[in-house]
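Visitor: here's a sequence, model it:
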Amino acid sequence: MSLLSIVLPSRRSLDQSRFSLETALIYAEKRDAVLIVSDNSGDPAKEEWLKRLGKRIRYISSDAKDGMSNLLNALAYVETPFLLPFADDDAIYVLDDRPPLDLADLPSDVIGVRPQTMNWRNDRGVVDVITASLDGERPSDRIYQYSDSAGGNNALYYSIYRSSLFSGVLRIFWDHHPTRGAYCDWSFVVTFLCCGKMLYDPALIYCYDVGQWNTPKAVDASVIDLLRQVGLPEIALHFQQFLMFLDVHSLLCWRDLPLTAIDRDDAMSINVKANLDGFRKRVARDPHLYSQEVKDAVGALGAETDPNRLFAAILPVADILKPGLADGYRRYLAVLT
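Guide: Residues are numbered from 1 along each chain as shown. The predicted model follows:
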């Protein structure tokens with residue numbers, strides 16, 4: 001029985017995605033994995049080609065209008081205990097000269113396996129390689145490890161995860177989050193790391209295309225596009241840590257998350273320190289970017305340290321970005337708890 005599914009929501013044409021798809025198929029053959037392709041490209045040549053490639057590929061014709069809904073469509077077909085999300089402009093490999101970690105032998109406190117992440121650009125090739133295990137004992141330890149090794153992007157998302165955790169978090173998010181924005185992928189990874197360790201497997205390689213993230217200006221443009229897709233204004237670019245705090249806190253409150261009470265408290269505390277405190281510092285550093293209403297709300301937090309009270313106190317700021325957004329988060333939290 002296969003232990004792993006490669007989950008590929010794909011909107012690119014056959015010409016644009018064939019190389020990526022071929023690397024995924026070879027990877028699947030080497031790992032005895034299932035390749036699930038949810039294809040919303042509308043390219044008949046791609047459909048015909050994929051359907052000829054054998055039983056290892058599960059082809060799904062999709063009418064999803066965006067990447068997140070197409071991903072959720074693919075996740076609905078996962079039947080294996082582990083999954084690997086994959087993008088159709090990336091590449092994945094299994095080295096022949098070393099055995100990969102056996103997923104069946106992973107300890108219960110390990111939620112997944114990260115590959116060698118090779119960040120690459122068409123104009124420069126591989127620009128960075130990330131290989132660190134994230135194996136700290138507490139959620140805060142692993143978040144610090146991730147912060148030190150992330151390299152400015154969220155490529156850790158493209159790792160092997162326990163399917164129940166990955167699919168569970170994304171499903172509850174998709175069904176109830178007030179924006180369902182693709183910009184929330186950082187909050188997914190942080191939540192996963194709070195639930196357990198990620199071990200590094202040098203036998204696996206993920207080539208991550210950082211083309212759209214290769215300069216600060218390009219990063220800002222890409223984030224603004226993601227924000228606008230869900231009705232948030234351009235100024236939300238300056239509220240990323242605020243939104244991250246709301247999103248991580250909400251997911252950490254999910255009653256079905258595999259967290260002990262001690263680890264949940266630790267995770268909520270590091271979220272305050274990393275994201276809410278980071279937002280407070282940004283407002284103090286660049287006050288010209290924020291209205292007086294925002295500055296007053298941040299100032300009113302005072303010396304409060306309880307994560308739940310801080311969430312409730314700062315939440316009204318969300319309505320500055322989009323009227324009704326704060327109530328949307330209240331409804332989301334009510335479902336999660």
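
Visitor: bridged to the nearest residue to residue 134 once chain neighbours are set aside, which residues?
Guide: Leaving aside its sequence neighbours, residue 134 sits nearest to residue 198 (Cβ to Cβ, 6 or more residues apart in numbering; 4.3 Å). C-beta here means a position set from N, CA and C on the backbone, and glycine is covered the same way. In this entry, residue 198 is beta-bridged to residue 112, residue 134, by DSSP bridges.

Visitor: helices or strands up against the helix or strand containing residue 310?
Guide: In the assignment (DSSP states H and E), residue 310 maps to helix 307-314. Here helix 307-314 touches helix 240-252, helix 261-271, helix 292-299, going by 3 or more Cβ pairs under 8 Å, 6 or more residues apart in numbering; DSSP states H and E.

Visitor: repeat that with 7 Å
Guide: If you count contacts as 3 or more Cβ pairs under 7 Å, 6 or more residues apart in numbering; DSSP states H and E, helix 307-314 packs onto helix 261-271.

Visitor: re the thing from before, list the contacts of the next helix or strand after the helix holding residue 310.
Guide: Per DSSP H and E, the first helix or strand lying C-terminal to helix 307-314 is helix 318-321. Helix 318-321 is contacted from outside by 232, 233, 236, 239, 246, 291, 293, 294, 325, 326, 329, using Cβ atoms under 7 Å, 6 or more residues apart in numbering.

Visitor: mind redoing it with 10 Å?
Guide: Contact with helix 318-321 is made by 178-179, 227, 231-233, 235-236, 239, 242-243, 246, 290-291, 293-294, 297, 324-330, as judged by Cβ atoms under 10 Å, 6 or more residues apart in numbering.

Visitor: of those, buried ones?
Guide: Among these, the ones that count as buried by 16 or more other Cβ atoms under 10 Å are 178-179, 227, 232, 236, 239, 242-243, 246, 290, 294, 297, 325-326, 328-329.

Visitor: which one of these sits closest to residue 98?
Guide: Nearest to residue 98, judged by Cβ to Cβ, of those is residue 243 at 40.3 Å.

Visitor: so who does the closest residue to the closest one other than its chain neighbours touch?
Guide: Among residues not flanking residue 243 along the chain, residue 236 sits closest, at 7.0 Å (Cβ to Cβ, 6+ apart). By Cβ under 10 Å, 6+ apart, the residues touching residue 236 are 179, 181, 183, 223-224, 226-228, 230, 242-243, 318, 320-322, 325.

Visitor: could you identify the most distant pair in those?
Guide: 226 and 320 (18.8 Å).

Visitor: make sure the residue nearest to residue 243 is indeed in a helix.
Guide: Yes: membership of residue 236 in a helix is supported by DSSP: H, G, I helix; E, B strand; the rest coil.

Visitor: what about residue 186, which helix or strand?
Guide: According to DSSP H and E, residue 186 maps onto helix 185-195.

Visitor: ditto for residue 92
Guide: Using DSSP H and E, residue 92 sits within strand 91-94.

Visitor: and that strand, average pLDDT?
Guide: Average pLDDT, strand 91-94: 97.
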